[in-house]
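# The following comprises the amino acid sequence and a computationally predicted model.
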Amino acid sequence: MATTIEPDSGQDLGPDERDIDLLDGSWEQEYYSGRQKTRDWNAVFVAFAILIVAAMLVPMLLVFAR
């Protein structure tokens with residue numbers, strides 16, 4: 001059974017201390033500074049392409065090596 005919050009229950013649903021970086025914009029400084037780790041998707045796609053090419057070439061080489 002879900003509990004509902006009454007509008008006049010006195011609970012503060014506004015921003016708290018976890019939202020300070022959103023309110024003052026410091027998350028943008030951290031994100032755009034280059035210290036934030038991001039995934040290089042080009043490298044992921046190249047690795048995936050190499051894996052596909054290897055999956056096609058290895059069985060062919062095994063057939064000719066017999």
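Received it, and whenever you're ready, just let me know what you need.

# From here on, just use CA atoms for contacts and neighbour counts.
OK.

# Counting residues, name the longest helix you see in the chain.
For the chain, the helix with the greatest residue count under DSSP state H is helix 41-65.

# In that helix, which residues are buried?
Of the residues in helix 41-65, none count as buried by neighbour count, 16 or more other Cα atoms under 10 Å.

# Counting by contacts, list what it packs against.
Judged by 3 or more Cα pairs under 8 Å, 6 or more residues apart in numbering; DSSP states H and E, helix 41-65 is in contact with no other helix or strand.

# Return the distance of it from the chain's centre.
Here helix 41-65 shows a centroid-to-chain-centroid distance of 26 Å under the convention Cα atoms, centre = their mean, to the nearest Å.

# again, but for stretch 18-29
The answer for stretch 18-29 is 19 Å, by Cα atoms, centre = their mean.

# could you dump it to PDB, C-alpha only?
Once non-C-alpha atoms are left out, stretch 18-29 reads as follows in PDB (Å, rounded to 0.1, in the frame of the first residue of the first chain):
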ATOM      1  CA  ARG A  18      22.800  17.100  -2.200                       C
ATOM      2  CA  ASP A  19      21.600  19.600  -4.800                       C
ATOM      3  CA  ILE A  20      24.100  22.400  -4.000                       C
ATOM      4  CA  ASP A  21      26.300  21.600  -7.000                       C
ATOM      5  CA  LEU A  22      23.200  21.800  -9.300                       C
ATOM      6  CA  LEU A  23      22.200  25.200  -7.800                       C
ATOM      7  CA  ASP A  24      25.600  26.900  -7.800                       C
ATOM      8  CA  GLY A  25      26.800  25.500 -11.200                       C
ATOM      9  CA  SER A  26      29.900  23.700  -9.800                       C
ATOM     10  CA  TRP A  27      28.900  20.500 -11.700                       C
ATOM     11  CA  GLU A  28      29.600  22.400 -15.000                       C
ATOM     12  CA  GLN A  29      33.100  23.300 -13.900                       C
END
